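Here is my input, please return the structure:
(one chain, ligands or ions: 1)
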Amino acid sequence: MTGATRTTKRVFSGIQPSGGLHLGNYIGAIRNWVEEQDRYENIFCVVDQHAITVDYDPAQLRSHTRQTVGLYLACGLDPERCTIFVQSHVPEHTELAWLLNCVTPMGWLERMTQFKEKSAGGGERVSTGLFTYPVLMAADILLYQADGVPVGEDQKQHVELARDIAARFNRLFGDTFTVPEPWIRPVGARVMGFDDPSRKMSKSADGQYHSVALLDEPDQIRRTIMRAVTDSERDIVFNPERPGLFNLLTVFQALSGQSKQEIETHFAGQGYGHLKRELADLVIAALEPIQARYRDITADPARIDQLLARSVARLRPIVDDTMARVRVAMGHR
Ligand code: AQP
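Have a look, this model is predicted:
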């Protein structure tokens, strides 16, 4: 069934288990999935095959994959309302990626900014997988005929590529895929590194004070935020020209739910130290219940295994239907 014939829209999104999830992943992605889970048919993936496109350690990948599933649940995704699964448990993702590789012009991939950033200076360590990563992401989305892909702003270009690939495939081989849309929230769509507000917060970035991980201890959270890079001015206002301060205020706004005006009024006449202390308190308070639920959920590893097995069984009819149509359309059946 494609999007045109469904009454409830289907969303698909995922996070790569390339490290511990951080505030950017939470504010830019998971929190929005949780808030909207009643409105849609939800499929959320831990995209472990994306995480092998750069150097990685297999044991760490295994552990981050499970940790990410645990954090999805701890952040509030309800397995009754969402199908939560691991990408490599459904082999059709890579089968479809190959087929889509064959309809994707190389020039489209050469334009991807994330590839340019991640491959810069990498020489022979830059894998072909890193280059074709957006095609695997398109396969993830198109396999489930998703209508919407809720992502942070940094992933918008990749979702637009998935749209282009779907439209091209439909033109070449007949109507097969739902053409998906990126769904991006304006507030907190891009959280930047606390140590360098010109770079987006990333799991794989170096630097002890770069990010706040969702499982960080309160002391570590406070240290990171108190050391956040700002500027030498004084007034606390939302001004994108002052990226360090703007980032702190953006996180404050995302977690407090207050308007820009309310926040500026609240901090009028105060210094950066005051803002940082309040922000640290806010982040610690937001993460505390997530951390408690995470400890509870992961106390029984079998619970996660059962959930993942059930998810794969639930997805099977959608996967089989899409792949049957693709194989016929492309002439393999
Ligand atoms: N800094 C961010 N601000 C807002 N949203 C973000 N997301 C990631 N970083 C930020 C959103 O989180 C979701 C999952 O992203 P991903 O892990 O699949 O890929 P990524 O964007 O490459 O994430 P990282 O943390 O930067 O990982 P690494 O370091 O491994 O590349 C997406 O919805 C993304 O928008």
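
can I assume Asn42 sits in a strand?
Yes - assessed with DSSP: H, G, I helix; E, B strand; the rest coil, Asn42 lies in a strand.

now it, nearest residue through space, not along the chain?
Cys82 (4.0 Å; Cβ to Cβ, 6 or more residues apart in numbering). Heads up, the C-betas are built off the backbone N, CA and C, glycines and all.

ok, that neighbour - contacts?
33, 37, 42-44, 72 (Cβ atoms under 8 Å, 6 or more residues apart in numbering).

again, 6 Å this time
37, 42, 44 (Cβ atoms under 6 Å, 6 or more residues apart in numbering).

Gly193 too?
199, 201, 210.

picking that back up, pLDDT score assigned to the residue nearest to Asn42?
pLDDT recorded at Cys82 is 97.

cool, and Leu61?
With respect to pLDDT, Leu61 has a value of 98.

which residues sit against the helix or strand in which it is found?
If you go by DSSP states H and E, Leu61 is part of helix 58-74. Helix 58-74 is contacted by residues 17, 21, 46, 48, 51, 84, 86, 214, 290, 293-294, 297-298, 304 when judged by Cβ under 6 Å, 6+ apart.

do stretch 215-226 as well
194, 209, 212, 276, 279-280, 283-284.

Next: stretch 29-48.
By Cβ under 6 Å, 6+ apart, stretch 29-48 touches 8-14, 16-17, 65, 68-69, 75-77, 81-88, 144, 150, 152, 185.

distance of the nearest residue to Ser119 once chain neighbours are set aside from the ligand?
Nearest non-adjacent residue to Ser119, counting by Cβ to Cβ, 6+ apart: Val126, 4.3 Å away. Going from Val126 to the ligand by Cβ to the nearest ligand atom, to the nearest Å gives 14 Å.

and if you look at Pro180?
Pro180 is 13 Å from the ligand, by Cβ to the nearest ligand atom.

Quick check: phi and psi on that residue?
phi -80, psi 160 (degrees, to the nearest 10).

Count the neighbours of it for me.
As a burial measure, Pro180 scores 24 neighbours (other Cβ atoms under 10 Å).

just Lys260 next, same as before
14.

ok, now Arg303?
15.

Next: Leu215.
Count around Leu215 with other Cβ under 10 Å applied: 18.

One more: His64?
Residues near His64, counting by other Cβ under 10 Å: 23.

send the alpha carbons of the helix or strand that contains Thr83 over as PDB?
For Thr83, the host element (DSSP H and E) is strand 82-86. C-alpha atoms of strand 82-86 as PDB (Å, rounded to 0.1, in the frame of the first residue of the first chain):
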ATOM      1  CA  CYS A  82       5.700   2.700  17.500                       C
ATOM      2  CA  THR A  83       7.500   0.000  15.700                       C
ATOM      3  CA  ILE A  84      11.100   0.200  16.900                       C
ATOM      4  CA  PHE A  85      13.700  -2.000  15.200                       C
ATOM      5  CA  VAL A  86      17.300  -2.400  14.100                       C
END
